[in-house]
Each structure stands twice: as structure tokens, then as C-alpha cells.
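> 3D model of this:
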Amino acid sequence: MFDGILGYVVGGLVIGLLARLFKPGADPMGWIMTILLGIVGAVAGGWASTQFGLGRMMTWVAAVVAAIILLFVYEAMRKKK
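Numbers count the residues shown, from 1 in each chain. Model (predicted):
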């Protein structure tokens, strides 16, 4: 059970960091938000890759792209406040 949770946390961290690296501009968020962003991006990218029949490598690409899109949404929601 903890192996699965730890895998999601580590995978989420990697995907979140890659998304923040590739997206231009500053993204003021902490480690927990970065991990959550990566986990949600991984779930969305995994779903999209299953729907379109993409391979394993493209699943990672889809996860990072989904996390980048989520970063833009997060930034837009933050500016509204």
C-alpha cells in the first residue's frame, strides 16, 4: 500500500517539477502544491493516453503537458483573488 502512495508522490514530484521547468514565468508554490499538481497531471495524462492509445513514453509527455495546463489554470485562479 505504501509503495503505491510513495510512487504517486515521487512521480507527482517529478512531473510537477518538469511542468514548472518547462512553463515560462515564476510559479510561486511550495513542494506540496508541486506534488499535487504532478499527481493530478499524471492522472489526467494517464487518462488521455489511455483514451488515445498512446505508448508509455507518451503517457509521461501527456502527464507533463496536463500539469503545465494545470499550472496556467492555477495561475489564472490566483490572479482573480
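> Residue 33 versus residue 47, what's the distance?
21 Å (CB to CB, to the nearest Å). Every C-beta, even on glycine, is put in place using the N, C-alpha and C of the backbone.
> And for residue 77?
12 Å.
> and what of residue 48?
22 Å.
> And these two? Which one has more around it.
Counting neighbours by other CB atoms under 10 Å for residue 48 and for residue 33 shows that residue 48 has the greater number, 16 against 13.
> Now do the same contact list for that one.
Residue 48 sits next to 54, 62, 66 when contact means CB atoms under 8 Å, 6 or more residues apart in numbering.
> and with 7 Å instead?
Residues in contact with residue 48 (CB atoms under 7 Å, 6 or more residues apart in numbering) are 62, 66.
> Now do the end-to-end distance for stretch 46-58.
Terminal residues of stretch 46-58 are spaced 9 Å apart (CA to CA, to the nearest Å).
> Next secondary structure after the helix or strand bottoming out on mean pLDDT in the chain?
One helix or strand of the chain scores below all others by mean pLDDT, DSSP states H and E: helix 2-22, with a mean of 86. Reading on from helix 2-22 to the C-terminus, the next helix or strand found by DSSP states H and E is helix 31-52.
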